[in-house]
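Participant: Got a predicted structure plus its sequence, pasted below:
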Amino acid sequence: MKFRKLTSISLAVMMLACAPGESVLAANDTTEPVFAEAGEHKTVGNVTVENADYAVSVVVNGSNNENKDASVIVDGNVNYKMLQGGWNNYAVSSTASSGNASVEVKGDVLAEAASYLAAIYAENSTIKVGGSVSVKGNESSASAIDLCGGNIQVGGNVKAEGKYADGINTYAYSPENPQTLITKIVGGIDVQGENSSGLRVGSGLHQVSVGKGITSMSNGTAEYDSAEGITVNSIWGTSTIDVTGDVTVKSTNKNATGIQLSQLTEGDSMDEPAKSTIKIHGNLNADGDGIQTNMYMNDKKADILVEKELNAKGTAVICKDMPVMVLGDRVPLQEEVNAPKYNVNLTVWKASLNEKGNVAEVEKGEFGYIGDVVRKGKLGISRETVERTAAKDFEANNINYIIKTEQPTQGGKISVVTEKGKALEKSFGYEVAKEGEKIVLKANLNSGWKIANAYNGKEKLPKDANGNYYLVVPKGGGVSLSVDLKQGQKKASTKKSVSGVALAKMVAKGDDGLVLSWSKVKGVKGYDIFFNNCGKTTKCKKVKTVKANKKLQWTKTGLEKNTAYKAIVRAYVIKNGKKKYVRTSPEVHAFTSGTYKSYTNVSSVSVNKKKVVLKKGKSTTVSATIEKVDSSKEIMPKQHAAKLRYLVSNKKVVSVSKKGTIKAKAKGSCNVYVFAHNGISAKIKVRVQ
C-alpha cells in the first residue's frame with residue numbers, strides 16, 4: 001500500500017472529525033463508488049465500497065462523447081463487497097461505445113458478492129491492475145475477469161472462488177469490425193467452484209498470456225461437479241493462448257478436463273471458421289480427460305503444444321465424432337455430417353496411456369443437432385448412447401512427439417534424422433516425430449571420438465544393419481536421447497573433462513530473500529542446489545536444478561526475516577544415463593535481512609597477499625580481513641561455520657592449514673581461496689618453483 005504524508009494540522013482535523021475507534025482515511029481515499037464519463041479524468045487513493053453496484057466505473061458512450069476520453073487512476077487497492085443481492089455487480093468496469101475509456105489500479109482488486117460478480121469487466125476499453133485480482137461469489141457465480149473488447153493487464157495472480165467460477169472469460173459480440181482482445185496475466189490463475197474454469201475463450205480475436213500456471217479445482221457434489229483448465233467455445237475468430245507454467249485440473253468425481261475445445265460454424269458463416277493456437281510451456285495434468293475436441297464443420301485446425309507431459313487419469317485426447325451441431329433452424333448438409341472430425345494437431349513430449357492402452361479415443365453418438373428442427377425424433381443427444389473406441393488415425397497422423405536430444409559435453413555433437421537421413425519435421429520450433437516412426441542418431445564427432453552407447457532415458461538404443469543407433473517412437477512419446485562418447489579404445493574420462501572448484505556464496509536480498517551464486521565448473525551438465533534453515537538437526541534438501549548453460553544464480557524469497565539459512569551447490573555430469581556428482585561446494589550460511597540479533601553477514605574479504613611464490617617444501621602464512629554488513633555487530637557464531645575457511649584448487653601443488661599457512665608440495669600453479677561463513681571470498685594465486 002502507498003502511504004501518504006499528512007501535515008500535523010490536516011491530521012489533527014481528520015482525527016477530530018472521526019469518532020473514537022473509526023479509521024482515518026487519507027485525503028484521496030474513498031468509501032464511495034468512483035464514476036467517470038467522457039471528459040472526466042479522476043485520481044483517487046484506496047477505494048473501499050460496500051453494497052453498491054460497482055466500486056469503480058468508467059463509461060464513454062454516444063450520448064456523452066463530446067470529449068471522447070475518460071479515465072480513473074486508483075493509487076492503491078480496490079476492495080468491493082456487495083452482500084445485499086443484486087445482479088451483474090462489478091468491482092471495476094470500463095465500457096466505451098465510442099471514444100476511449102480506461103482504469104488503472106496500482107494495487108490489488110478484491111471483490112466479494114452474494115450474486116453474480118465480476119471483479120474486472122472491460123468492454124472496448126483498457127483496464128490495468130498492478131497487483132492481483134481476487135473474486136469470491138458466495139453461493140453464486142464469480143468471474144475474476146470479463147473481457148468483451150479492449151485489453152486487460154494484471155501484474156500479479158488471478159483468483160476466483162464461487163459456485164460457478166471463471167478465472168478469465170473473454171469473448172466478442174460480433175464479427176463485424178473485429179478488434180483483437182488482449183489479456184496479459186503476469187502471475188497465475190487459481191479457480192475453485194462446483195463448476196470451475198481457469199480460462200474461457202469465446203468467439204473473437206484473442207491473445208491471452210499467463211505468466212505462470214493455471215489451476216482449476218471443482219469442489220462440487222456427485223450430482224454436479226465440473227472443472228476445466230482452458231475452454232475454447234467459438235464460432236468465428238482466432239484464439240492464441242500462451243501459458244508459461246503447468247495447467248492442472250481436479251474435480252470431486254475425478255472427471256476434470258484439461259482443455260475443452262469446441263469450434264463450430266453457425267448457420268451459413270462457414271467462410272469465417274474459428275481457429276485456435278494453445279501453448280502450454282509445462283505439464284497438462286487432469287484427473288479426467290486431458291483434451292476434448294469438438295470440431296464440427298470447421299476446416300481450420302487447432303494447434304496445441306504441451307512442452308512437457310500430458311498426464312490424464314482418463315484419456316489424453318478425446319476426439320468427439322458426435323452429432324453435427326448447428327446453431328439455428330436449418331438442416332445440416334450431408335457433407336457437413338461427413339466432415340473430418342480430427343482437425344486438431346497436438347505437439348507434446350509425453351502423453352499418458354489410458355487403461356486400454358490408448359493415447360486418443362473417438363467418442364461417437366447418435367445424429368442430432370441444436371435448433372428448432374428435430375431429426376430422428378430427438379433434440380440433441382442422450383449421453384447414454386455415447387461410446388469410445390481407439391482413435392488410431394488421430395494417434396498416427398495428428399500427434400507430434402517432441403524429440404529431446406542431450407548434447408555430449410565433449411567430443412562433438414549428435415543430431416536426429418529420419419530413417420532416410422532427412423531432418424525431422426518441426427512443430428512450434430521443436431523437432432518432432434510420429435508414433436511408429438524410425439529415427440536415427442547422426443553423429444558429427446571430433447577426430448578419434450565415437451559413440452560408446454546411446455540411450456532413450458535409461459534404456460540403451462539398438463543398432464540397425466548399418467550400425468546406426470535408432471529408435472522407433474513409442475506410443476505416448478517420452479523420447480529423451482543421449483550418448484556416451486569414447487576416444488580411441490578408452491572411454492572418455494569424466495574426471496579429466498571436469499575442472500574448476502565449486503565455490504558458493506549467499507547474500508541477503510531485501511528482508512525476506514537470499515541470493516545464492518557459485519563459480520563455474522567446466523565440463524559439467526548442471527548443478528543441484530541444496531537448501532534449508534540452519535539448525536543442529538536440519539540437513540540441506542535439494543530444491544533446484546540449474547543447467548550449466550544457464551545463469552549460475554538462484555534467488556529465494558518469502559523466507560523468515562532475520563533468520564539463518566544454509567546452502568550447498570553440487571555439480572554433476574551424466575554418465576551411462578545416470579547423474580553423478582563431481583564437485584561439491586563448502587556449505588555456506590547467511591542471515592536474511594543481513595543481520596540477526598547481535599550478528600551480521602560478511603560483505604567482503606581481503607588478504608594481505610594476492611600472489612605467493614614458494615619453493616618446494618617452504619611455507620608462508622596469509623592473513624585476511626573481513627568487512628561486515630553491520631559494523632556494530634559480530635559475524636555469525638562458529639557453530640554455523642568457522643570465521644575463515646580455506647580451499648585449494650589443486651591439493652597436489654600446495655596444502656593450507658586452518659590458520660592460513662600455505663605449504664608448497666610440488667611444482668605448479670594453483671589458487672587458494674579464503675572465504676567467510678556466507679562464502680564471500682578472496683583469491684590468492686600460488687606458484688611453486
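Facilitator: Great, that's in hand.

Participant: Name the helix or strand for residue 393, please.
Facilitator: Taking DSSP states H and E as the definition, residue 393 sits inside helix 392-397.

Participant: Identify the residues contacting the following helix or strand past that helix?
Facilitator: Using DSSP H and E, the helix or strand that follows helix 392-397 in sequence is strand 399-405. When contacts are defined by C-beta atoms under 8 Å, 6 or more residues apart in numbering, strand 399-405 is touched by residues 307, 317, 345-351, 359-360, 414-416, 424-425, 427, 430-435, 439, 473, 477-482. Any C-beta I mention is one placed from the backbone N, CA and C, and that applies to glycine too.

Participant: ok, now stretch 31-39?
Facilitator: 25, 42, 44, 47-50, 52-61, 64-72, 74, 99.

Participant: Quick check: next helix or strand after the one helix or strand residue 260 maps to?
Facilitator: Assigned by DSSP H and E, residue 260 belongs to strand 257-263. Where DSSP H and E defines the elements, the next helix or strand beyond strand 257-263 is strand 275-280.

Participant: Neighbouring strands of the helix or strand just after that next one in the sheet, and parallel or not?
Facilitator: Next helix or strand after strand 275-280 toward the C-terminus (DSSP H and E): strand 284-286. With DSSP bridges as the test, strand 284-286 is paired with strand 247-250 (parallel), strand 302-312 (parallel).

Participant: so which of those strands is the most packed in?
Facilitator: The highest mean neighbour count among the strands paired with strand 284-286, using mean count of other C-beta atoms under 10 Å, belongs to strand 247-250: a mean of 26.

Participant: Spatially central residue for the chain, please.
Facilitator: Geometric centre of the chain, nearest residue: residue 245, 2.4 Å, by C-alpha atoms, centre = their mean.

Participant: Give me the subset of the contacts of strand 399-405 lying in strands.
Facilitator: 307, 317, 345-351, 360, 414-416, 425, 427, 430-433, 439, 479-482 (DSSP state E).

Participant: Check which helices and strands the helix or strand where residue 118 lies is in contact with.
Facilitator: Residue 118 is part of strand 117-123 when elements are defined by DSSP H and E. With contacts defined as 3 or more C-beta pairs under 8 Å, 6 or more residues apart in numbering; DSSP states H and E, strand 117-123 has these neighbours: strand 89-96, strand 109-113, strand 133-137, strand 141-147, strand 150-154.

Participant: Tell me what angle that strand forms with strand 133-137.
Facilitator: For strand 117-123 against strand 133-137, the angle by axes from the mean of the first three to the mean of the last three C-alpha atoms, to 10 degrees is 130 degrees.

Participant: The next helix or strand after strand 117-123 vs strand 141-147, what angle?
Facilitator: On the C-terminal side of strand 117-123, the nearest following helix or strand under DSSP H and E is strand 125-129. Here strand 125-129 runs at an angle of 110 degrees relative to strand 141-147 (the same axes, to 10 degrees).

Participant: What residues sit buried inside strand 125-129?
Facilitator: 125, 126, 127, 128, 129 (16 or more other C-beta atoms under 10 Å).

Participant: so what's the last one up against?
Facilitator: If you count contacts by C-beta under 8 Å, 6+ apart, residue 129 has them with 92, 104, 105, 108, 109, 120, 152, 153, 154, 155, 156.

Participant: how does it look with 7 Å?
Facilitator: 105, 109, 153, 154, 155 (C-beta atoms under 7 Å, 6 or more residues apart in numbering).

Participant: again with the third one
Facilitator: Counting by C-beta under 7 Å, 6+ apart, residue 127 makes contact with 92, 94, 103, 120, 152.

Participant: okay if I get these as CSV plus neighbour count?
Facilitator: As requested, these are exported to CSV (neighbours: other C-beta atoms under 10 Å):
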residue, neighbour count
92, 30
94, 29
103, 28
120, 28
152, 28
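
Participant: avg pLDDT for stretch 261-278?
Facilitator: For stretch 261-278, mean pLDDT is 64.

Participant: hang on, I meant stretch 154-171
Facilitator: Averaging pLDDT along stretch 154-171 gives 94.

Participant: Ok, stretch 536-555 next?
Facilitator: The model assigns stretch 536-555 a mean pLDDT of 92.

Participant: Below-threshold pLDDT in the stretch 201-350 of the chain: ranges please.
Facilitator: Judged by pLDDT under 70, the stretch 201-350 of the chain has its weakly predicted residues at 221-224, 263-273, 295-300, 321-342.
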